[in-house]
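J.: this one's sequence-less:
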């Protein structure tokens, strides 16, 4: 074990797979000489050479299209979008081609798209989004959203191993903020399996990504009031661990779903609907959602703070549920 | 076969607190054509009697609620357009449902959320909803969450007997689990809360039922009252109470239960008012078509006097006393043939001169009798004047219109031998027009001396009336 930041854990996972499997290569804007906009691939080009760490033109369509073709020819490409927001340029390649290829022609498309996502640093509307629900809606794509360094490494390795297109949402706000012990050896974290981030009896919070930490701080505050909060870190939103969520709901009967993405049509809606369908008779309060409002992400720091769910918002939401 | 879309006519919501209404008259019969906004029927509620305009134009194909019936706000009263029942095209499966749904709405006492105006619904979306059992309106205690309901049924526990610690006293999952754990009485003791009301007139000799009776459908209120008093005796006639009568009954009882009613009376010499009125009458009639009634003079004097005695124009609200810088003056108006009483309100009477007040009083009285009042006309009163003197009564003790603190009664203007002083200071008997005026006040808020001073000041205003405006 060694202590790593979230960002170092991503690098470590990628490096582990590239060392282990020659089919794995990285392509993206400035990932080579520059080492990536956030330095995830710093030193990679020196180690693996320019043919495995490829600087691409500013053309996400070409990056994802190229990866899809390479995957069909037996490679294991990892593409980096400089910001998750830019993946919309590659929508057609991902949604029309990569997602449907296996269903259509039974040829797997084992690509990983790394998506530096999320806000919290005044990145504004084009550099702060969390578009996981858009892709979770597309049959044929998987979406993973690690919250901890250990999961960041394990889920990246799982994503590279997976025979399907996997969107890997790495939260920029966690890159250097979150540090933890990470196993040095190779390991995988299963896709579709949630993690109990905190155990509790009174309330359940279902969340993922950076919000896991927001929920953790809120839960710690509520503990002093004698309210015991369980936090389920989904880890992956597609597929998502319905069993773990329903088990927690059956235990506490009061649920808060928390996400940084905007509210309407956010993945929380899917979870809330499933709880209503599957665990209706276990509910002791309305299922509550806390999410960003339905607007683009603002630049202004105070506005962004109002936009992204904060610890105090979650505390208030949990209190309301506890008192219901 | 007609293919136009059917439009439902529903009982409108006449004011926020009104939950039901009685159909007094259908102005159109089944099969008749009606234009949009044309008066379709008349209804009576405990606030207003009014005409209901047609929500659309078409043929009145079905009357679902007959004249004389009282139903909840939102209940379907009839149907415009759609498939006209032409013998062969009738929908047999739907017809029997409808009266049931209406009856359910009538007895459940729950007013479906309704808008202020008659709403229209597309027929295909208007399937009768099952009547909801317990009222869940706003009361947290009554709401049983799904998990609590499940635990309650698994353990045979009535959640109503569990002490709730949730919001508004709601029983939480923890509450009911603790109750069960503490050894709640098992299924044997069936909850007594849902017993059907047993008619009193049932034969006494009936053996004790060996199994629980199926809950009888609650009979409509009028029928229930009948059953409770037994059979009608020879010579007795029974008629259902109108919504307005029920409303009056409830309000009068509640007022007496709320306020400490005390009545003080004062005799007022209206010689000057009579003289001024005689002079103004022609002018007002000719120029404005308004009759300056004695009531208008008294109202004007009362509004001015209220300014000096704010507690007479006040209200007890919770633990506080609320006084006002305005007077919304209510007038008790009798409807034709003893059909009821309504108290329309002249708003901001303090801004009106004698002419304005006379005009406003005439307007609301006319609209009361022609059923043209809107809900706003009967709300927000701060002080009321009742005028039963037209029949010669010289005294009375009216009931305060809640939540006001007083009501002024005006009685017959009678010529009486009256002792006055002549210009030499000697007592002489004169013939003077005298009116007895009463103030019935809520002694919780207004004391006898204060009321006495109010009446004295009112009398001085009326006896010393000068010029057109007093």
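T.: That came through fine. Keep in mind the model is a prediction, meaning the values are calculated, not measured.

J.: pLDDT weak spots in the stretch 301-450 of chain B?
T.: For the stretch 301-450 of chain B, the stretches with pLDDT under 70 are B:337.

J.: residues from it in reach of chain A?
T.: Counting by CB under 8 Å from any CB of the partner chain, the stretch 301-450 of chain B comes close to chain A at no residue. Where C-beta positions appear, they are placed from N, C-alpha and C, glycine not excepted.

J.: residues from chain A in reach of chain B?
T.: Counting by CB under 8 Å from any CB, chain A comes close to chain B at A:253, A:280, A:281, A:282, A:283, A:284, A:285, A:323, A:324.

J.: which ones among the residues you listed are found in helices?
T.: Taking DSSP state H, the ones among the residues of chain A next to chain B that sit in helices are residue A:323.

J.: in ChimeraX, select just the buried ones from the residues of chain A next to chain B.
T.: When burial is assessed using 16 or more other CB atoms under 10 Å in any protein chain shown, the buried subset of the residues of chain A next to chain B is captured in ChimeraX by this command:
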select /A:253,282,283,284,285,324
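
J.: adding pLDDT and distance to residue B:50, write the residues of chain A next to chain B out as TSV.
T.: Formatted as TSV, the entries for the residues of chain A next to chain B read as follows, by pLDDT from 0 to 100; distance: CB to CB, whole Å:
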residue	pLDDT	distance to residue B:50
A:253	97	48
A:280	95	43
A:281	94	46
A:282	95	49
A:283	96	44
A:284	96	45
A:285	96	43
A:323	93	44
A:324	92	42
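
J.: for the residues of chain A next to chain B, which one is nearest residue B:148?
T.: Comparing the residues of chain A next to chain B against residue B:148 with CB to CB places residue A:284 closest, at 6.5 Å.

J.: and the closest one, what does it touch?
T.: Under the criterion of CB atoms under 8 Å, 6 or more residues apart in numbering or on different chains, the contact partners of residue A:284 comprise A:253, A:254, A:324, B:145, B:146, B:147, B:148, B:172, B:173.

J.: and for residue B:42?
T.: Each residue near residue B:42 by CB under 8 Å, 6+ apart is listed here: B:23, B:24, B:25, B:27, B:49, B:50, B:51, B:52, B:371.

J.: top of those residues by neighbour count?
T.: Counting neighbours by other CB atoms under 10 Å in any protein chain shown, the top entry in the contacts of residue B:42 is residue B:49, with 25 neighbours.

J.: mind listing the residues bridging to it?
T.: As for beta bridges, residue B:49 partners with residue B:44 under DSSP bridges.

J.: can you tell me the closest non-neighbouring residue to residue B:266?
T.: If the residues on either side of it in the chain are set aside, residue B:266 comes closest to residue B:455, at 4.2 Å by CB to CB, 6 or more residues apart in numbering or on different chains.

J.: for residue B:448, see how far away that neighbour is.
T.: Applying CB to CB, to the nearest Å, one obtains 10 Å for the distance of residue B:455 from residue B:448.

J.: what's the overlap in contacts for these two?
T.: Going by CB under 8 Å, 6+ apart, residues that sit against residue B:455 and also against residue B:448 are residue B:264.

J.: so for the two, which sits in the more crowded spot?
T.: The residue with more neighbours, out of residue B:455 and residue B:448, is residue B:455; 23 against 11, by other CB under 10 Å.
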